[in-house]
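Novice: for reference, the sequence and a predicted model appear below.
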Amino acid sequence: MALISRISRFLPVAIMALAGLATVVNAQPVTCNVEGATLAHPVVANPLSARTAGNTELVGDIVISCTGGKPTDAGLKVPQINLSVVLNTNATSLVTEHNPAHVDFSEALLLVDEPNRGVVNGIPAATPLLNCGNTGAPDNGPLGPGVCEITKPVNPAQTYDGTPCVVAGAAVVKLPYGCGRPNAFQGRPATRPPAAPNRIDFLGVPFDPPGVGTGITRILRITNVRSDAAVLGRGGSHAINASLSVTGPFAMFISPSTVTVATSSDGLTVSAAPGAVHLVEGFKSAWKYKNIAFATMNATPMSSLPYPYIVGDTLSPADAAQNVPGILYNTEDGFQWQPSNPPPSTNPPTGYAPGITAAVPANYPLFSAGYGGLNTGIAHDGVSSSGTRIALFFAALGQTVTVPNVVNLYVSPGTPSGVMVLTSTDPDGAGAFAALPGTYTTIHNFGMVVYEVLYSDPFDKEYADVPLTVSGTLHEAAVLSLFAPFYLGANPTFPTPTTAHPAPTAIPRFAIGNPTVILVKAPPPVTTPVPPPPE
């Protein structure tokens, strides 16, 4: 704790000193442009669609291409910059490390020069992913955890090639600061004065200007930024914007400085059908499965998307790494690579990446070695808690309501396009997926059931009819439907969690707005006649 306190006191001063360095160090300015989808980056996911009820909606990656400036001379330390992203709503990326000293870290990542991208349109880009603070990229320097130095190699194309330090036996924590060439840097929620719930900072990032006429373009990709779309309101369409700013020892300009990274709209509508609750997806991809492994296990991989659902499959597999930059996985997970979970056997998965023929073989999963006295929690980056969940609340006084445990999704009547399954949860609809036993579940008087999407078609709007039977004399039930898990914050403009109060940590999570209650008329349960006893 003493070390963390010392880092906490020193870091703001060090960062301000870094930002205050004279810009005359580099007379040639660095010019950066925010990209859309291009030939070199054919699968840029920007902007994304977000749900208006969502507190943790992923926004599209921000891809910045930089040219100009004076390249760092070989053998010298690469200069460091600070890059900030400010949303027009709260930034709600998972806080992977929080402690009383306010050395906070976020799941948001800054990737340099597209590590682990593979061969793109015939151009090799075989650069391993290596995050700052991983084994072989020590962050034990004076600027504290999460900040690394890079010594410029002779070949300027190798500044961010993921080369690690040589690790000798048990001396990992003694590796010298500044060795290794990492290309992934963890963001920080803006908790220090002036604190801002809508800002994420990337501090002390080594930036080697690509120069003029060198044939090198420096690519910065910001990913795993989540946003509180619910603050912007329900109904209609709402733009989620990100403003970018940079400081450092040379002039650096980003254009445009403000970009739209997501557009929110309602993701769920509900109505009464004869004997059923009729759920309709508000837009394509509003209902997401947790991880790419759910697609490869519950559907048949094809050369084009979407994969056709294998009718009857309700598998909930372990996560697979989603570690190829720019792939639009259409999952609740973001860019992630846990040490315990390898990538899919075909990476990127078949059909998911036009123009990309193969990713770099597995090398360095996201990991914090704790060199600087703190595990930054980077292994949790991009990892969600569940797929999309839909909660149904039933009120049927003096009666029982029975619903099926497995409900298919459809694009149109006929063959199912996906599936959702009842899971046990806590009272807020959160918790690890655990399919309820049996075929049907019964609610007496009042109660809630929660379905989790295990597979869906991300390219078409789907619907689901949840049939029910109601015992008693009225044969009707009041039903309320909303996304889960759901939370009520004390202050609606600062929905929990925040960096000061980091629980709950469920991702995705949703706000309770003005849900509609419907009345569903349902048939009574079918009873099987009991044969008379034998005479």
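Specialist: Arrived safely. Owing to the predicted nature of the structure, the values given are computational and were not obtained by experimental measurement. Numbers count the residues shown, from 1 in each chain.
Novice: tell me the mean pLDDT for stretch 147-165?
Specialist: Here stretch 147-165 scores 92 as its mean pLDDT.
Novice: can you give me the helices in the chain?
Specialist: For the chain, the helices defined by DSSP state H cover 2-19, 292-298.
Novice: least reliable of these by average pLDDT, please.
Specialist: helix 2-19 (a mean of 42).
Novice: ok, what's across the strand from Val403?
Specialist: Bridge pairing for Val403 (DSSP bridges) gives the partners Thr441.
Novice: what sits against it?
Specialist: The contact partners of Val403, by CB atoms under 8 Å, 6 or more residues apart in numbering, come to Leu392, Leu422, Tyr440, Thr441, Ile443, Val449, Val466, Pro467, Leu468. Any C-beta I mention is one placed from the backbone N, CA and C, and that applies to glycine too.
Novice: can you redo those as TSV with pLDDT and distance to Ile310?
Specialist: Below are the contacts of Val403 laid out as TSV (pLDDT from 0 to 100; distance: CB to CB, whole Å):
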residue	pLDDT	distance to Ile310
Leu392	97	26
Leu422	98	19
Tyr440	97	23
Thr441	97	24
Ile443	95	30
Val449	98	24
Val466	98	21
Pro467	96	22
Leu468	95	26
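Novice: ok, and the most crowded of the residues you listed?
Specialist: Using other CB atoms under 10 Å as the neighbour test, the contacts of Val403 are led by Leu468, with 26 neighbours.
Novice: that one contacts Val520, doesn't it?
Specialist: Yes - counting by CB atoms under 8 Å, Leu468 does reach Val520; the two are 6.5 Å apart.
Novice: wait, what's in contact with Met252?
Specialist: Pro29, Val30, Cys32, Cys66, Gly69, Ile81, Phe207, Val246.
Novice: which among these end up buried?
Specialist: Val30, Cys32, Cys66, Gly69, Ile81, Phe207, Val246 (16 or more other CB atoms under 10 Å).
Novice: which non-adjacent residue is nearest the second one?
Specialist: Read it as Cys32. Cys66 (4.1 Å; CB to CB, 6 or more residues apart in numbering).
Novice: do Thr439 as well
Specialist: Asn405 (5.9 Å).
Novice: over to Val154?
Specialist: Using CB to CB, 6+ apart, the nearest residue to Val154 is Ala74, at 4.8 Å.
Novice: give me the beta-bridge partners of Val277?
Specialist: Ala272, Val466.
Novice: and the one 4 residues further on, by the same measure?
Specialist: Counting by DSSP bridges, Glu281 forms beta bridges with Leu268.
Novice: tell me, how many residues neighbour it?
Specialist: Neighbours of Glu281 under the rule other CB under 10 Å: 23.
Novice: check contacts around the residue positioned nearest the centre of the chain.
Specialist: Here the mean C-alpha position of the chain is nearest to the C-alpha of Gly334 (CA atoms, centre = their mean), at a distance of 3.1 Å. For Gly334, the contact set (CB under 8 Å, 6+ apart) comprises Leu58, Glu107, Thr223, Asn224, Arg226, Gln322, Asp381, Gly382, Ser384.
Novice: try 10 Å
Specialist: Going by CB atoms under 10 Å, 6 or more residues apart in numbering, Gly334 touches 58-59, 61, 93-94, 107-109, 223-226, 322, 381-384, 507.
Novice: residues contacting the closest residue to it other than its chain neighbours?
Specialist: Spatial nearest neighbour of Gly334, chain neighbours left out: Gly382 (3.5 Å); criterion: CB to CB, 6+ apart. Neighbouring residues of Gly382 by CB under 10 Å, 6+ apart: 58, 93-94, 107-109, 223-224, 226, 291, 319, 321-323, 329, 331-338, 366, 507.
Novice: what about the stretch 301-450 of the chain, any weak spots by pLDDT?
Specialist: 354-362 (pLDDT under 70).
Novice: burial check on Leu76, number of neighbours?
Specialist: Counted with other CB under 10 Å, Leu76 comes out at 10.
Novice: got a pLDDT number for it?
Specialist: Leu76 is given a pLDDT of 96.
Novice: the nearest residue to it once chain neighbours are set aside: neighbour count?
Specialist: Spatial nearest neighbour of Leu76, excluding adjacent residues (CB to CB, 6+ apart): Lys152 at 5.5 Å. A count of neighbours around Lys152, defined by other CB under 10 Å, yields 20.
Novice: how about the contacts of Met252 in TSV, adding pLDDT?
Specialist: TSV is the format used below for the contacts of Met252 (pLDDT from 0 to 100):
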residue	pLDDT
Pro29	93
Val30	96
Cys32	95
Cys66	95
Gly69	95
Ile81	98
Phe207	98
Val246	97
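Novice: just to revisit the earlier point, the contacts of Gly382 in strands, which ones?
Specialist: Leu58, Leu109, Thr223, Arg226 (DSSP state E).
Novice: tell me the one of the residues you listed nearest Ser264?
Specialist: Leu58 (11.6 Å; CB to CB).
Novice: and the gap between the residue nearest to Gly334 and Gly372?
Specialist: Distance, Gly382 to Gly372, by CB to CB, to the nearest Å: 22 Å.
Novice: check Gly136 too.
Specialist: In terms of CB to CB, Gly136 sits 14 Å off from Gly372.
Novice: the more surrounded of these two?
Specialist: Set side by side, Gly136 and Gly372 show more neighbours around Gly372, with 27 against 19, by other CB under 10 Å.
Novice: re earlier: what's the residue nearest to Cys32 in contact with, if anything?
Specialist: 30-33, 112, 207-210, 216-220, 246, 252-254.
Novice: mind listing what the nearest residue to Ser481 once chain neighbours are set aside touches?
Specialist: Leaving aside its sequence neighbours, Ser481 sits nearest to Val270 (CB to CB, 6+ apart; 4.2 Å). Counting by CB under 10 Å, 6+ apart, Val270 touches 277-280, 390, 392, 466, 479-482, 515-518.
Novice: which one of those residues is nearest Pro194?
Specialist: Leu482 (35.2 Å).
Novice: can you tell me how far that closest one is from Val270?
Specialist: On the measure of CB to CB, Leu482 and Val270 end up 9 Å apart.
Novice: what is the neighbour count of Ile378?
Specialist: 26.
Novice: sorry, slip of the keys, the one I care about is Ser237.
Specialist: For Ser237, using other CB under 10 Å, the count is 12.
Novice: what residues are up against it?
Specialist: By CB under 10 Å, 6+ apart, the neighbours of Ser237 are Ser49, Thr52, Thr263, Ser264, Ser265, Asp266, Phe283.
Novice: isn't the third one up against Ser227?
Specialist: This points to Thr263. No - counting by CB atoms under 10 Å, Thr263 stays clear of Ser227, with 11.0 Å between them.
Novice: so what sits against both of the two?
Specialist: In contact with both Thr263 and Ser227: Leu48, Ala50, Val59, Ile240, using CB under 10 Å, 6+ apart.
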